[in-house]
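K.L.:
Predicted model, plus sequence, below.
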Amino acid sequence: VTKSGTNELHGSVHYYGKDGIFSGQPRRGNQTFPVRDFTQHQFGFTLGGPIKRDRAFFFLAYDQQLYDEIKQTDPNRIAPLLREWMDTAYGGALAGDYGSIARTNDARALLAKFDFRLSDRHNLSLKYNYTWSEQVNGTFDVDSWARSANGLEQDHSNAVNGSLVSYLSSNMSNEFRFQYSREDRPRPYDGPRSTALGDNRVDPPAARPFPDVAMDFAGGYRFGLPFFLPIDYYDTRVQLLDNVSIARGDHFFKLGFEYNKVHSV
């Protein structure tokens with residue numbers, strides 16, 4: 001159930017923040033672990049009011065999150081001999097692949113809703129929903145794995161839907177609803193590259209990312225292009241629904257149909 005605008009203009013703003021510097025020292029028995037290095041900012045607003053008093057109204061809501069975290073900060077999570085080899089192998093394409101990993105978890109969401117009182121018997125509602133999210137190095141979260149074993153998680157969607165509620169008589173009503181939406185969930189890969197320019201690198205001499213490589217020296221280690229990446233995926237949905245509701249004494253009857261088609265690629 002989504003809020004609607006009224007004859008009065010109302011709004012709100014919000015902010016929520018967290019930072020690793022306020023976190024306590026994680027402990028398990030006699031073991032201590034590093035304090036998490038992260039920041040999180042979440043903020044947004046709502047605004048609702050009249051377009052035409054008693055007849056048309058609007059409501060907007062927006063929320064955004066900015067999240068950064070540094071993980072896998074221990075370079076000794078892989079064997080020294082393997083680290084030494086990776087720093088020089090393939091022209092240095094894997095140099096520093098065992099370094100710390102910066103992750104993000106950013107997101108945005110928007111809702112726009114419009115309500116129209118067409119008459120005493122008919123009410124129309126239209127909504128638009130937008131979402132967006134991105135997680136840099138978000139495909140894997142295993143402490144012993146390398147930078148290159150991570151990809152980019154992305155998701156964005158757009159949806160338009162509406163409903164028309166009609167009161168046909170004192171004991172009969174009809175509701176018609178529709179929706180069209182599309183969601184894209186790509187997972188591109190931009191892993192380690194041969195010419196080191198900080199964290200921005202170019203393709204190795206073979207002009208392709210290293211394939212997924214898994215080794216297990218007690219703790220386990222993995223580097224190279226994850227086996228399931230890259231992915232370019234989306235789906236669309238078309239939905240039509242109509243139902244009639246009838247009240248008879250102590251009984252309530254509802255009859256309707258729905259058409260719901262999802263196309264995934």
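P.N.:
Structure's in. What do you need? Residues are numbered from 1 along each chain as shown.
K.L.:
in the protein, which segments are predicted with low confidence?
P.N.:
Regions of the chain meeting the criterion pLDDT under 70 cover residues 1, 191-208, 216-219.
K.L.:
In the sheet, which strands lie alongside the longest strand seen in it, parallel or antiparallel?
P.N.:
Among the elements of type strand in the chain, defined by DSSP state E, the one spanning the most residues is strand 152-169. Applying DSSP bridges, strand 152-169 is found paired with strand 122-136 (antiparallel), strand 172-184 (antiparallel).
K.L.:
between those, which gets nearest to N260?
P.N.:
Using C-beta to C-beta as the criterion, the shortest distance between N260 and the strands paired with strand 152-169 is 8.7 Å, found for strand 172-184. No exception for glycine: its C-beta is placed from N, CA and C like everyone else's.
K.L.:
rewinding a little: generate CSV for the strands paired with strand 152-169, with distance to E69 and mean neighbour count as supplementary columns.
P.N.:
Below are the strands paired with strand 152-169 laid out as CSV (distance: least, C-beta to C-beta, whole Å; neighbours: other C-beta atoms under 10 Å):
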stretch, distance to E69, mean neighbour count
strand 122-136, 10, 16
strand 172-184, 25, 16
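K.L.:
For Y221, find the nearest of these.
P.N.:
Closest among the strands paired with strand 152-169, once you apply C-beta to C-beta, is strand 122-136, at 21.4 Å.
K.L.:
Need the three-state assignment for Y90.
P.N.:
Assigned with DSSP: H, G, I helix; E, B strand; the rest coil, Y90 falls in the helix class.
K.L.:
contacts for stretch 238-250?
P.N.:
161, 171-180, 252-261 (C-beta atoms under 8 Å, 6 or more residues apart in numbering).
K.L.:
So which of the strands paired with strand 152-169 is nearest L225?
P.N.:
Among the strands paired with strand 152-169, if distance is taken as C-beta to C-beta, the winner is strand 122-136, at 16.2 Å.
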